[in-house]
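**Student:** 3D model of this:
(one chain, ligands or ions: 2)
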Amino acid sequence: DQKDLSRKKSLLKEIDFYLVTDSGLSRKGTLSDVKESVEAGCKIIQYREKNKSTKEMIDEAAEIKKICSGRAIFLVNDRVDVALAVDADGVHIGQDDMPIETARKILGADKIIGLTVHNVDEAVEAEKSGADYVGLGSIFDTSTKKDAGQGIGPARIREVMNAIKVPVVAIGGINKENCRSVIENGADSLVAISAVVCSDDVKKETREFIDIIREIKNKS
Ligand code: TZP
Ligand code: MG
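**Tutor:** Ligands and ions are numbered 1, 2, ... in the order given. So this is what the prediction gives:
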């Protein structure tokens, strides 16, 4: 309902670390990664699955929803149909996916929609189109997403932050060493995929990211 939605949207502002799943890179599997990361305090999970059938995705998404229930926001990457099928909290879509206006029509007002942007112009456009947050990237070079392009550098985060009001989530090539520069440049939160899911201890990595991010936010 409406109250629930405004709570979730304000929660977006309080997120520090944002986990995106990747079954291709994961050591212990997506469900294990989600469970460990949520246990460590991660408040938002995006199910990003490029290699499974729709049926497999719906089954897995239903499991992720259970794990997240009452503890973390649960979004599905690209697949508006899968998000609807399991009644996820929303979707994260890219510039070449379903247009945001169309996704909004299908999902309704009470779902979260995040959009990937690469620069200030796309960020302003995303906000105008009703995005609840933007994912900005790739910040650094990364091999996790083949078509991510060269890193734009953390200084660009500030420009985007100054241009829009919705939360900005930084993504791409972020690790525990360079994440300081990301938060220092104003990002509300950040995603790390390989730095977390390629680890043997997803819980510990998540915890460490959260601790570093909070420490920097508290200083500024
Ligand atoms: N979108 C832009 S970069 C990226 C996505 C999904 C991959 C980020 O993965 P990693 O391993 O944190 O660089
Ligand atoms: Mg996409």
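
**Student:** And the helices in this structure?
**Tutor:** According to DSSP state H, the chain carries its helices in the segments 2-14, 30-39, 54-68, 80-86, 100-107, 120-128, 155-163, 179-184, 194-197, 202-219.

**Student:** May I have the third one as CSV, with CA atoms only?
**Tutor:** Presented in CSV, the C-alpha positions along helix 54-68 are these (Å, rounded to 0.1, in the frame of the first residue of the first chain):
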residue,chain,number,x,y,z
THR,A,54,11.9,-17.7,-17.2
LYS,A,55,10.5,-20.5,-15.1
GLU,A,56,13.8,-21.0,-13.3
MET,A,57,13.9,-17.2,-12.7
ILE,A,58,10.4,-17.1,-11.2
ASP,A,59,11.2,-20.0,-8.9
GLU,A,60,14.5,-18.3,-7.7
ALA,A,61,12.9,-14.9,-7.5
ALA,A,62,10.2,-16.3,-5.2
GLU,A,63,12.9,-17.7,-2.9
ILE,A,64,14.8,-14.4,-2.9
LYS,A,65,11.6,-12.6,-2.0
LYS,A,66,11.2,-14.8,1.0
ILE,A,67,14.7,-14.1,2.2
CYS,A,68,14.3,-10.3,1.7
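
**Student:** how big is the angle separating it from helix 30-39?
**Tutor:** 20 degrees (axes from the mean of the first three to the mean of the last three Cα atoms, to 10 degrees).

**Student:** centre of the chain versus helix 54-68, how much separation?
**Tutor:** On the basis of Cα atoms, centre = their mean, to the nearest Å, helix 54-68 sits 17 Å off its chain's mean C-alpha point.

**Student:** pretty sure Glu49 contacts Ser23?
**Tutor:** Yes: counting by Cβ atoms under 8 Å, Ser23 is a contact partner of Glu49 at 6.1 Å. Bear in mind the C-beta positions are built from the backbone N, C-alpha and C, glycine included.

**Student:** shared neighbours of those two, which are they?
**Tutor:** Thr30 (Cβ atoms under 8 Å, 6 or more residues apart in numbering).
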